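Trainee: predicted model follows, preceded by the sequence.
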Amino acid sequence: MEISRRDFMHIVTIFGLGAVASGCSVNGVKTPSQISLKDIYDFKAMGNFTLLHMCDIHAHIKPLYWREPSTLISAPNLVGTPGFLCGEAFAKYYGLEPSSLDAYFDTYMDFETLAQKFGKMGGIAHIKTYLDHVRKERGNENVLFLDSGDTWQGTGVALKTRGEAIVKAQNYLGVDVMVGHWEFTYGKERVQELIEILDAKFISQNVVGNDPFADEYEELIFEPYTIEQRGGAKIGIIGQSFPFTSTANPREFTEGWSFGIRPDTLQEYVDELRNKHKVDCVVVLSHDGFSVDQEVARMVHGIDFILSGHTHDPSPQPIVIDGTVIVIAGSHGKYIGRLDIDAKDGKVNGYEYKLVPIASTMIPADPAGVKLVDELYAPFAKEFNEVLGKTKNILYKRDTFFSTFDQLINDAIMDEMKCDMSFTPGYRWGTTVLAGEKITMDHIYEMCGITYPNVYTFELKGAKIAKLLEDIADNVFNANPLYQQGGDMSRLGGVTYSIAVANKAGERISKLMIGGKPIDLNKTYIVSSWGGNLQNAGENLQEDKIRAVYDVARDYIKRQKVVDVSNEGNVTLVDYKCGCPVKGSRSC
């Protein structure tokens, strides 16, 4: 197809390519060479102290590519609201310029083109440079760095060192306080060991002992809060770890510990901080999730700020619910949230907020951070750097129903296990590999680096499969965020289906096909799964086939040499016309 010059210039304008070629901005959008550190750091400093915030870095201490979702669907009452925005709907809601640095970081639109333009994101050496800038500007004694968790897990170096490498990274960054979720998948004993070498305080008001034979029965496992002094203000920080840890992850890791939202005790600690300790500001450092924390703000009174995590949302602007300001700082080390606060005499008088993109091609790397990362990765360099193959198309992770990297993993499982269908969990963490790039073992660990990696192959009745998918859908699409226990829909290999998200529970999924044929509810299917406990619901486990998913994926890619995964999903969305609808609509 021939493209006219007029059409070519239109494409150039849309993608910002003319700016790259000429060195000039297009429609006011700056090119990388025109973006200075001053632009990235620009902030209206105010107040007497600063809270710096990160969440859900999932052990990504090196820069990476991370594509935001092109489908982010939920119940009709939630779609198009903060926490359920993507693509054009996100850009419109927050007023992003097309093809800008913010649009690249915050949306999937033109991602591959903009990746070539702006480069990788995050990395602790680049984060540290920004942190040092703020600490110098504000005075180190006036700054707190808070971490909402999902920090110790998600990469090969985290897995191989059982979290220790990432604790060393946190100590280097100067984290002051943290909470947890995936941290607990190392097991209770290991969590306590890592806390011993962690310079930060690990707090949680919602983790309680529930083993009647243990000394900690009905006792808090961690300190519920900490009081910090910054800028002459007393700041009360209450910890809220992921309330559904023992259901979202295998229970054996936290046996004897009970989790929950616990709004009643949260209210008690808010009141205690205000009435007994006379703090000037109450902060909840949370891993509840952005939408759940909005509900918490409605249930618990007297919280000034919630620094949220878990759902990986970038939110350039705070939201305010009943006087509580809620912020969240994306994922994978792509952002640091900066919150300047004016608080004294027991109340907050004002604040300023910015979600700062850690553009690693523009923010210089701190040499000490580069050295630390190199040292942490050195023992595993030979394995991690092995090139397994190449990808023809982009491999990405995040989406509500389907992703190309998950499909690649399902392809690998089905090829080796010779099953009828496969389940890959809808985790939100992972990585992105651009089209034409080499796939390394490091990438595979970044997709599968968990402490319970085994693929299990077993038998499951069709009726059980159908019910299971409906149950998963009810978790993901429940109209009440308090019943959404985290993650996207499971990714399925060998399966297609249609879904009506707005239908009532148990009636969302239709046209369910396995191997191209309608599901037979009475038939027994061979199923493979990993990342959960689905094998416990099946029968006739094939023990000789049990194998770590990262080894299965590695060997498959090496056999294929070049993988060609289509972006054509296997799920038909019945009641929405696009993947990123606006509020109050089923379309974009």
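Mentor: Right, received. Where do you want to start?

Trainee: residue contacts, the closest residue in space to Phe118 that isn't next to it in sequence?
Mentor: Distance criterion Cβ to Cβ, 6 or more residues apart in numbering; nearest residue to Phe118, sequence neighbours excluded, is Tyr104 at 5.1 Å. Just so you know, the C-beta spots here come from the backbone N, C-alpha and C atoms, and that holds for glycine as well. Going by Cβ atoms under 8 Å, 6 or more residues apart in numbering, Tyr104 touches 110-111, 114-115, 117-118.

Trainee: most neighbours among those residues, please name it.
Mentor: Neighbour counts for the contacts of Tyr104 (other Cβ atoms under 10 Å) peak at Phe118, which has 23 neighbours.

Trainee: neighbours of Ala381, how many?
Mentor: 11.

Trainee: next, give phi and psi for it.
Mentor: Dihedral pair for Ala381: phi -60, psi -40, per degrees, to the nearest 10.

Trainee: also Val320?
Mentor: Dihedral angles of Val320 (phi, psi; degrees, to the nearest 10) stand at phi -120, psi 120.

Trainee: what pairs with it across the strands?
Mentor: Going by DSSP bridges, Val320 is paired in beta bridges with Val325.

Trainee: wait, it touches Val327, no?
Mentor: No - at 10.3 Å, Val320 does not count as touching Val327 under the criterion of Cβ atoms under 8 Å.

Trainee: so for those two, which residue has more residues nearby?
Mentor: Val327 (26 against 10).

Trainee: hang on, the earlier thing: ok, so of the contacts of Tyr104, who is nearest Glu255?
Mentor: Distance to Glu255 across the contacts of Tyr104 (Cβ to Cβ) is lowest for Phe111, with 41.3 Å.

Trainee: residues in contact with that closest one?
Mentor: The contact partners of Phe111, taken as Cβ under 8 Å, 6+ apart, are 67-68, 104, 394, 396.

Trainee: what's the burial count for Ser331?
Mentor: 28.

Trainee: over to Gly309?
Mentor: So Gly309, with other Cβ under 10 Å, has 36 neighbours.

Trainee: could you find the closest non-adjacent residue to His277?
Mentor: Spatial nearest neighbour of His277, chain neighbours left out: Ile227 (5.9 Å); criterion: Cβ to Cβ, 6+ apart.

Trainee: again, but for Lys278
Mentor: Per Cβ to Cβ, 6+ apart, closest to Lys278 is Gly346, 6.2 Å.

Trainee: next one: the residue positioned nearest the centre of the chain from Leu52, what distance?
Mentor: With distances taken as Cα atoms, centre = their mean, His312 lies nearest the centre of the chain, 3.6 Å away. According to Cβ to Cβ, to the nearest Å, His312 stands 18 Å off from Leu52.

Trainee: confirm Ile40 sits in a strand?
Mentor: No - under DSSP: H, G, I helix; E, B strand; the rest coil, Ile40 falls outside any strand and is assigned helix.

Trainee: which stretches of the stretch 351-500 of the chain form helices?
Mentor: Assigned by DSSP state H, counting those that start in this stretch, the stretch 351-500 of the chain shows helices spanning 367-377, 381-384, 404-417, 441-448, 462-477.

Trainee: so who does Ser585 touch?
Mentor: So Ser585 contacts Gly80 (Cβ under 8 Å, 6+ apart).

Trainee: can you classify it as helix, strand or coil?
Mentor: At Ser585, secondary structure determined by three-state DSSP is coil.

Trainee: got the phi and psi for it?
Mentor: Torsion angles, degrees, to the nearest 10, at Ser585: phi -140, psi 160.

Trainee: check what pLDDT it gets.
Mentor: In this model, Ser585 is scored at 85, pLDDT.

Trainee: also Asp211?
Mentor: The confidence metric pLDDT takes the value 88 at Asp211.

Trainee: Thr107 now?
Mentor: 97.

Trainee: what's the answer for Asn249, then?
Mentor: According to the prediction, Asn249 has pLDDT 93.

Trainee: got a list of what it touches?
Mentor: Counted by Cβ under 8 Å, 6+ apart, Asn249 has contacts 182, 184-185.

Trainee: can you give me the first-to-last residue distance of stretch 543-556?
Mentor: 20 Å (Cα to Cα, to the nearest Å).

Trainee: likewise for stretch 114-134?
Mentor: Start and end residues of stretch 114-134 are separated by 28 Å (Cα to Cα).

Trainee: over to stretch 104-116?
Mentor: With Cα to Cα as the measure, stretch 104-116 spans 11 Å from end to end.

Trainee: for Leu96, which non-adjacent residue is spatially closest?
Mentor: Nearest one to Leu96, counting by Cβ to Cβ, 6+ apart, is Ala103 at 4.7 Å.

Trainee: and stretch 220-230, which residues are buried?
Mentor: Of the residues in stretch 220-230, 221-222, 224-226, 228, 230 count as buried by neighbour count, 16 or more other Cβ atoms under 10 Å.

Trainee: span of that stretch from start to end?
Mentor: Note: stretch 220-230 ends 27 Å apart using Cα to Cα.

Trainee: so what touches it?
Mentor: 48-50, 141-144, 176-177, 201-205, 207-209, 234-239, 241, 257, 265, 269, 273, 277, 279.

Trainee: distance check, Arg262 against Thr440.
Mentor: Relative to Thr440, and taking Cβ to Cβ, Arg262 is found at 42 Å.

Trainee: ok, Gly584 next?
Mentor: From Gly584 across to Thr440, the span is 44 Å (Cβ to Cβ).

Trainee: same check on Asn567?
Mentor: Asn567 sits 22 Å away from Thr440, going by Cβ to Cβ.
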